[in-house]
Structures are given as C-alpha cells and as structure tokens.
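Colleague: Need coordinates for the following:
(2 chains)
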Amino acid sequence: MSVLRIGCGAGFASDRLDAAVELVARTPLDWLVLECLGERTLAFAHRDRRADPARGYDPLLERRMRALLPLCRARGTRLLSNMGAANPRAAAEATLRVARALGLSGLRIAVLLGDEVTDALDPATPLWEGGTIGDRGRPVGANAYLGCEHLLSALATGAEVILTGRVADPSLFLAPVVARFGWALDDWDRLASGTLVGHLLECGMQVTGGYFADPGKKDVPDLARCGFPFAEVEPGGSAVLSKTPGSGGRVDALTVKEQLLYEVHDPAAYVTPDVVADFSAVEIEEVGPDRVRVAGARGTPRPPTLKVTVGFDGGFLAEAEISYAGPNAAARARLARAVLEERMRSVHGYTGPLRIDLVGLRALHATALPEPAEAEDVRLRAALRSESREPGELLLWEVEALLTCGPAGGGGYRGRIVPQVTTAAASLPRTRIATRVEVLEA
Amino acid sequence: MSRRVRLHEIAHARAGDKGDTSNVCLFVYEPRHYPALVRALAPERLRAAFPALLRGPVHLFALPRLHGVNLVMENALEGGVNASLNLDGHGKSWSFLLLSLEVEIED
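Modeller: Alright, predicted model coming up:
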C-alpha cells in the first residue's frame, strides 16, 4: 500500500492563500486540509449567523474555494476544511455557487452536521474554568469537538470537498489516514501516530519555518515565500514531513521539535476525541533536505466525553494610543500616563480595569520586568474592557484630549472599540452527539 | 571556564496558550547545554523571577531525548485572551521572556 500524501493549506483563519495554491500545484496530494477555525473565531461566526442566517461560515471561504477548487479537481486532490464554522450547510451552499460559477459540474460537497449543541446544553452544565454555563449568561454558541469517527462517514461519500464545523484539529488529518489504511478506531498506537502527523501539520507554516525565524540564531531562507507543509504517511503510521518544492522556509529537527510541543501540556497525554497520545518518545530524524521522519507516538484509549467550547458575549475592548518622541520622550510619556490615570480614576471615578503601557519602554513584558528609564520613541497605549461601550468611549476621549491638554509634543492618536467574545469549556457524553452528512452536487 | 549567558544564546523556544495557561517549550542547540537549561527553568526559580506574572503552579516536563523541556504555567496570562489587557493577550512573547533569563554554562 502506497503512502498517503496530505497537506495543510491553512493553519488559521487569516492564513495565506497563494502558498496553498502553490502547495497543490507542485505536490501530488491526496488531501488538502484547510484548518481555519479558532475558538473565538467560531464564537464570532455564531454572532454573524445570528445577524444573518445565510452567514456564519468563514468569510474567506469563497476566495479560498475560487482559487483552490479548479486546481484540486485537476490534480485529483480532495479538500477538507472546517470553514463551515457556525454554519456548515451555508458554507456548502456557498461552495456550490463557486463551483457552478467555475463550471465544475458534478463536483460533490459533503457537509458534516451535528457539532453544534447550543440549544442542547443545560444551563447547569459545569464549566472547566469553574461555575456553570448559566453563571455566564446565555451562550452565543456551543460546539462539541467532533473526532475521526464522526468524519469518516463524510469521507465515505467520496465527495471531493468535505466541509465541517467544529472538529478537533488533528482529527481533520487523522480521518483521511484512517480511511485510507483501514485502521481500527481502537488501534491506539496507530491513531496516536496519525494524531502526531495532524498535530504537526495543523498550524500550517509553523512547522516549515513560519513563527521560527530569529535572525542570526535561527535563519529561515526566503521567509516571504515560505511553503506550506505536507506529510507522506506510511501504512504503519510513521511519516515524512516536507514542504512545497521550491518554496521558502525550512523543515528540520528544530522546526519540528518546536511544533511538536506547541500548545501541548503533558507531552505524554495529548488528549483528542480519538485517542490520548503520548509524544514523549517521538523520534525525529532528518532524512533529506527539508525532509523529516517522525515516528514513535504511542496511544491509550480516548476519553469518554467530548470537549465543548461555549462562547459568550464579552463586552467591549477599548484601546487608545498617543506617541512621544525625541529628547525627554520617556518622561513626557510617563507624565501622560499619570495624567490619564488621574483623569480616569479621580475626575471620572472609573473603577474598572485599566492598563496603560509605554510601548518602547516596556509593554508586552511590563508585568514581568522593570521599566527601563530611557527611550526616545515611546507610544502610550491604554486599554480597558467593559460590558457597555461608554467606559471605552471615555477612554478614547481622554487619550485624544492629551493632544492639547497633555505633555508637549504628543502625536499620532488612534483609538478603537471592538466587541469581544469569551469562551469556556465543558464536557459532553458522546451519546449526546448525533452527526449526519449531507451531500450537495454542482 | 564558566560564563553567564542569556538562555537565548543556547536555546530556542515557542509559546502557546490555552485559556489562562501558558506553555513554552524550549530546546538547546547543543545537547551539552541541556542540564543548564533545566537548571535555569526550575519552577521555583521562575516563580521567584516573575512573581507578578506567574500567579499559579508551574510544571516542567523534561524531554531529555529531544534536549528540551515543556513548561506549563497556570494563571500566567493575566487572565488569558478572554480577559487580558496586555497587547499580547496570548502570551506569544513569553518564549522570549524566558529566553532572557541568565544561566551559568561551562565552555
């Protein structure tokens, strides 16, 4: 039995498209996976659907499909994506419209339904973070992380395009491998091997040199044209990772190791809906230029419950900025910070959370490290979160007022107020989930 | 001879987040520096270095075959992306915060 070639052409909602086109054009892939659905992305998608029942799927879906569908068809590559987000049925219909407009007659799209459990959850359901769903108010949406077992029925339709809502990211890659090689769903070591491949691919370029370059320490060739990754998976579960031929980037033991533990807690217990994978004894071997062989994942039985992500309204985040540069800039920025504090706290009586960073002195690490004394280009950045817009509007007004009422030489004011969502996790017995598959044809 | 260096000289790192928990994996470029890496990242040392940031338990998972460690730091993201007012609510830059720590190495 030959290897299965599976590539990743998106590792998050805003990932590049031209590099995905290059990957399909230059590599004989069996499958292209587009992973575009973060937890907060899904909560925002629920909001979109509430505003317009025809929306709620990935806003870049049509653009990605227009660029990739003709190429995938020509190359015999099947496309699997969670761009269905909060509305997989509408995503499938949108894909159908794209396919028809491109003249791709007979193209079949399978859509996996049943991950959404917004109306099925009892408000008394406990949250992993503490408290219950009801304590946080009415959810904007709740979705269970489906696994390989749910996806297999969609793959079995033979459709060229598979669209889903929430599926565990590694399962998007594991399911095609399981379908090809006929692995049993309790063959824990093999499922762990396929999960390892999925975990390494699911963040796109994070395994091919993206999110890696540190000039002089870890250089990445032609980062602007970094290639997306693909894996050649063998019937036993080991795999060789590589990237688009001729693209920028690098695939070696260093890039693979960094991604191996990305967002992993206990490396011996990586939990998915399919298996509890042990990555602690994984072997990483450079077998050629930009080719790394991975093997040695072990597995134990999957958890009895599925993880559910519950999204809630998160009020507003307000941010406002103004800059000081040149001689004594740090002192003028510090004075601006003191004035802003006094205006918000004493004059207006605002008691909520307020953070004021001096970018250029210390911002991202301000909680961890002391503030240096000097810098000649400093940006004051103030932020608060609130349930209503009013405190945010007050913050923007006060920072803008620093232009004429604050220290000398302030310029470059910007301010914005952005609606937020928050997410929390809960567990759901597998028996509460009933998935189904619909097939549409162009 | 021993000398004091920042971890950045001997190691590379990547940070990720889940809720208010940060995980940072770090790997040495040369296996001989692995003991220094583990020494530098002892959980009690980290909590003492960044008491205002690391407000919960810190777990260190050692991966000697990969010459690396995985640090899992609870309550270490100022509330996480749902609540943080930090510009970097995911704590993506915690990797380079840890690489700024100093350690003695033998040359």
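Colleague: Buried residues in the longest strand seen in chain A, which are they?
Modeller: Longest strand of chain A, by residue count under DSSP state E: strand A:305-325. Within strand A:305-325, the residues that count as buried by 16 or more other CB atoms under 10 Å in any protein chain shown are A:306-325. Glycine gets a C-beta too; all of them are placed from N, C-alpha and C.
Colleague: could you pick out which of the residues you listed are near chain B?
Modeller: Among these, the residues lying close to chain B (CB under 8 Å from any CB of the partner chain) are residue A:314.
Colleague: hang on, the earlier thing: counting by contacts, list what the longest strand of chain A packs against.
Modeller: Here strand A:305-325 touches helix A:39-51, strand A:141-144, helix A:329-342, strand A:377-386, helix A:390-405, strand A:411-429, going by 3 or more CB pairs under 8 Å, 6 or more residues apart in numbering or on different chains; DSSP states H and E.
Colleague: Save those as TSV, and put in distance to residue B:54 and mean pLDDT too.
Modeller: Putting those into TSV (distance: least, CB to CB, whole Å; pLDDT from 0 to 100) gives the following:
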stretch	distance to residue B:54	mean pLDDT
helix A:39-51	24	94
strand A:141-144	31	97
helix A:329-342	25	98
strand A:377-386	22	98
helix A:390-405	29	98
strand A:411-429	22	96
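Colleague: nearest to residue A:244, of the ones you listed?
Modeller: With CB to CB, the closest approach to residue A:244 among the helices and strands packed on strand A:305-325 belongs to helix A:39-51: 25.2 Å.
Colleague: State the mean pLDDT of the helix or strand just after the closest one.
Modeller: Note on helix A:39-51: by DSSP states H and E, the next helix or strand toward the C-terminus is helix A:61-75. Per-residue pLDDT over helix A:61-75 has a mean of 98.
Colleague: measure stretch A:431-442 end to end?
Modeller: 34 Å (CA to CA, to the nearest Å).
Colleague: Can you list the buried residues in that stretch?
Modeller: A:433, A:435, A:437, A:440, A:442.
Colleague: Chain B: which of those residues is nearest?
Modeller: The nearest member of those to chain B, counting by CB to the nearest CB, is residue A:433 at 22.3 Å.
Colleague: Please spell out the segments of the chain that come in under the pLDDT threshold.
Modeller: Just going to use chain A. Residue ranges of chain A with pLDDT under 70: A:1.
Colleague: Can you list the residue ranges for helices in the stretch 201-350 of chain A?
Modeller: Taking DSSP state H, counting those that start in this stretch as the criterion, the stretch 201-350 of chain A carries its helices at A:253-260, A:329-342.
Colleague: Give me whichever of those helices is most buried.
Modeller: Mean neighbour count, computed with mean count of other CB atoms under 10 Å in any protein chain shown, is highest for helix A:253-260 among the helices of the stretch 201-350 of chain A, reaching a mean of 23.
Colleague: for that helix, the distance to its chain's centre please.
Modeller: On the basis of CA atoms, centre = their mean, to the nearest Å, helix A:253-260 sits 18 Å off its chain's mean C-alpha point.
Colleague: now do stretch A:306-313
Modeller: Mean-position distance between stretch A:306-313 and its chain equals 15 Å (CA atoms, centre = their mean).
Colleague: Please export the alpha-carbon coordinates of that stretch; PDB is fine.
Modeller: What follows is stretch A:306-313, C-alpha atoms only, in PDB (Å, rounded to 0.1, in the frame of the first residue of the first chain):
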ATOM      1  CA  LEU A 306     -16.200  15.200  24.100                       C
ATOM      2  CA  LYS A 307     -14.900  18.800  24.800                       C
ATOM      3  CA  VAL A 308     -17.400  21.500  24.100                       C
ATOM      4  CA  THR A 309     -16.400  25.100  23.600                       C
ATOM      5  CA  VAL A 310     -19.100  27.600  24.800                       C
ATOM      6  CA  GLY A 311     -18.900  31.200  23.500                       C
ATOM      7  CA  PHE A 312     -20.300  34.100  25.500                       C
ATOM      8  CA  ASP A 313     -20.700  37.800  24.800                       C
END
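Colleague: Residue A:4 against residue A:179, yeah?
Modeller: No: Residue A:4 lies out of contact with residue A:179 (CB atoms under 8 Å); the separation is 9.1 Å.
Colleague: Would you quantify the distance from the residue sitting furthest away from the middle of chain B to chain A?
Modeller: Here chain B reaches farthest from its C-alpha mean at residue B:1, the gap being 25.6 Å by CA atoms, centre = their mean. With distances taken as CB to the nearest CB, to the nearest Å, residue B:1 is found 23 Å from chain A.
Colleague: can you put the buried residues of stretch A:431-442 in JSON lines and add secondary structure and distance to residue A:380?
Modeller: Below are those laid out as JSON lines (DSSP: H, G, I helix; E, B strand; the rest coil; distance: CB to CB, whole Å):
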{"residue": "A:433", "secondary structure": "coil", "distance to residue A:380": "49"}
{"residue": "A:435", "secondary structure": "coil", "distance to residue A:380": "51"}
{"residue": "A:437", "secondary structure": "strand", "distance to residue A:380": "54"}
{"residue": "A:440", "secondary structure": "strand", "distance to residue A:380": "53"}
{"residue": "A:442", "secondary structure": "coil", "distance to residue A:380": "54"}
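Colleague: The residues you listed into TSV, with extra columns for distance to chain B?
Modeller: TSV is the format used below for the buried residues of stretch A:431-442 (distance: CB to the nearest CB, whole Å):
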residue	distance to chain B
A:433	22
A:435	25
A:437	30
A:440	35
A:442	39
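Colleague: Kindly reformat the residues you listed as a markdown table and extend each row with distance to residue A:214.
Modeller: Shown next, in a markdown table, are the buried residues of stretch A:431-442 (distance: CB to CB, whole Å):
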| residue | distance to residue A:214 |
| --- | --- |
| A:433 | 43 |
| A:435 | 43 |
| A:437 | 45 |
| A:440 | 46 |
| A:442 | 46 |
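Colleague: quick one, what contacts residue A:188?
Modeller: Contacts were defined as CB atoms under 8 Å, 6 or more residues apart in numbering or on different chains; by that measure residue A:188 touches A:275, A:276, A:298, A:299, A:300, A:301.
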